[in-house]
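>>> here you go, sequence then predicted model.
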Amino acid sequence: MRTAERTIIGIIVAGVLSTSLLVLSFVPPAKALPSFHSFIRGGSNHPNTMSADEQPYEPLNGMKLIIDGWFHERGELWPGQAMSLEVEKVLDHHRSKYQDVLVFKSKNHGNVLVLDGVIQVTERDEHAYQEMIAHLPLYAHPDPKKVLVIGGGDGGVLREIARHPGVEEIVICELDADVIDVSKKYLPSLAKGYDDPRVKVHIMDGAKFMDDNQSSFDVIITDSSDPIGPAGVLFETPFYKAMHGALREGGIVCTQGECMWLHTDIIKPLMDSIRQFYTTAGYAYTTIPTYPSGQIGFIIATKGRGECNKPARKPSDDVQKQLKYYTSELHEASFVLPAFAKRAILGE
């Protein structure tokens, strides 16, 4: 769920996958896209999405990123920096239909899920991301009944949505069933989200599902891949229009919003673009040690209602005791940006 190349791609999202994989059908732009098949959060650069000028696709082998007992996440997407975790034991490594899947037990961060060479989840700090991407939109909404999750195959977002007793239906669109399977086996504290009877799982194209379910959801949460190369469509206007169409009046969308320390030049144009058809668009963030620069943001946009920087509801005492990161106070604070980010993203 990280970084991006500022590219405009012709056509639209054909589907959104796993914790986050994106499948696209697109017309290449005049200038060839760079090949970033390695080190994309949950991404996949398949041969049928490559321009003629790119090198043939060579599947990434996650095991090659383990050197001298350490897993190394490094790449062009966060130049000059890297994240390394000490490996105790490799629990699973295989290639799914869509991506390289690696799960290992780490020395200090519990079990770790890696997709195409990029850390998706560690048991130690996952709550900082899962709680915020779910509860920022859900507690900003006065009475959410129907919630859609695009991606999020590990189940962590489902777990957090399930804490809201007023939600009547939780729908997840996840294309890579392997992500669900390994999460249920090796990340049970996240995958228990699938146990809630309100959850309906669709192994299918998320964009098509939204097209078929217009004006259906109070909240849409996109736990998605990095907008790199062909996946750049995810950070462009058509995808946000697709979510807008699937929202009910008064609804809220929340998507991962990249890193303010690395990608303000990507975030601001998107914010400017979606303000043309969403009623409001805001930016919040969380801190999480195993994501680049220890931070990741959220773009939160609304349809026919005001901003989301103040919660409309608060967790019950019982729920708050279960949470490790989110509080009502932190909800408001997460929208308060450092001066440099406020200028760069909001133009203030």
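Noted; the coordinates are in hand. Numbers count the residues shown, from 1 in each chain.

>>> can you pull out the strands in the stretch 51-200 of the chain?
66-67, 70-74, 82-95, 100-106, 111-115, 118-122, 146-151, 169-173, 199-202 (DSSP state E, counting those that start in this stretch).

>>> for the longest one, buried residues please.
Residues of strand 82-95 classed as buried under the neighbour-count rule (16 or more other C-beta atoms under 10 Å) are 83, 85, 87, 91, 93. Backbone N, C-alpha and C define where each C-beta goes, glycine included.

>>> which stretches of the stretch 1-150 of the chain have low pLDDT?
Counting by pLDDT under 70, the stretch 1-150 of the chain shows low-confidence ranges at 1-58, 75-77.

>>> what sits against the nearest residue to residue 277 once chain neighbours are set aside?
In this structure, residue 277 finds its nearest non-sequential neighbour in residue 244, 6.0 Å apart by C-beta to C-beta, 6 or more residues apart in numbering. Shown in contact with residue 244 (C-beta atoms under 8 Å, 6 or more residues apart in numbering): 253, 277, 278, 301, 303.

>>> helix or strand: which one has residue 320?
helix 317-322 (DSSP states H and E).

>>> what's the answer for residue 277, then?
With DSSP H and E as the test, residue 277 turns up in no helix or strand.

>>> surely it touches residue 242?
No. Counting by C-beta atoms under 8 Å, residue 242 is not a contact partner of residue 277; they are 11.4 Å apart.

>>> okay, those two: which has more neighbours?
Neighbour tally, residue 277 and residue 242, criterion other C-beta atoms under 10 Å: the higher count belongs to residue 242, 21 against 14.

>>> just say helix, strand or coil for the more buried one.
helix (DSSP: H, G, I helix; E, B strand; the rest coil).

>>> how close does the closest residue in space to it that isn't next to it in sequence sit to residue 252?
Leaving out its chain neighbours, the residue that sits closest to residue 242 by C-beta to C-beta, 6+ apart is residue 210, at 5.1 Å. Distance of residue 210 to residue 252, given as C-beta to C-beta, to the nearest Å: 15 Å.

>>> what's the helix or strand containing residue 270 packed up against?
According to DSSP H and E, residue 270 maps onto helix 264-274. In terms of contacts (3 or more C-beta pairs under 8 Å, 6 or more residues apart in numbering; DSSP states H and E), helix 264-274 is packed against helix 237-246, strand 280-287, strand 295-302, helix 339-346.

>>> hmm, 7 Å instead?
helix 237-246, strand 280-287, helix 339-346 (3 or more C-beta pairs under 7 Å, 6 or more residues apart in numbering; DSSP states H and E).

>>> can you list the strands that the second one pairs with?
Same thing as strand 280-287. strand 295-302 (antiparallel) (DSSP bridges).

>>> run the chain-centre distance for the partner strand.
With C-alpha atoms, centre = their mean, to the nearest Å as the basis, strand 295-302 stands 10 Å off its chain's centre.

>>> report the angle between it and helix 264-274.
With axes from the mean of the first three to the mean of the last three C-alpha atoms, to 10 degrees defining the directions, strand 295-302 sits at 10 degrees from helix 264-274.

>>> show the average pLDDT along strand 295-302.
Averaged over strand 295-302, pLDDT sits at 96.

>>> also stretch 157-164?
On average, stretch 157-164 scores 98.

>>> okay, that stretch in PDB with CA atoms only?
Extracted in PDB, the C-alpha atoms of stretch 157-164 (Å, rounded to 0.1, in the frame of the first residue of the first chain):
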ATOM      1  CA  VAL A 157     -10.200  -4.600   8.400                       C
ATOM      2  CA  LEU A 158     -13.100  -7.000   8.700                       C
ATOM      3  CA  ARG A 159     -12.200  -7.600  12.300                       C
ATOM      4  CA  GLU A 160     -12.400  -3.900  13.000                       C
ATOM      5  CA  ILE A 161     -15.700  -3.300  11.200                       C
ATOM      6  CA  ALA A 162     -17.200  -6.200  13.200                       C
ATOM      7  CA  ARG A 163     -16.700  -4.100  16.400                       C
ATOM      8  CA  HIS A 164     -19.600  -1.900  15.200                       C
END
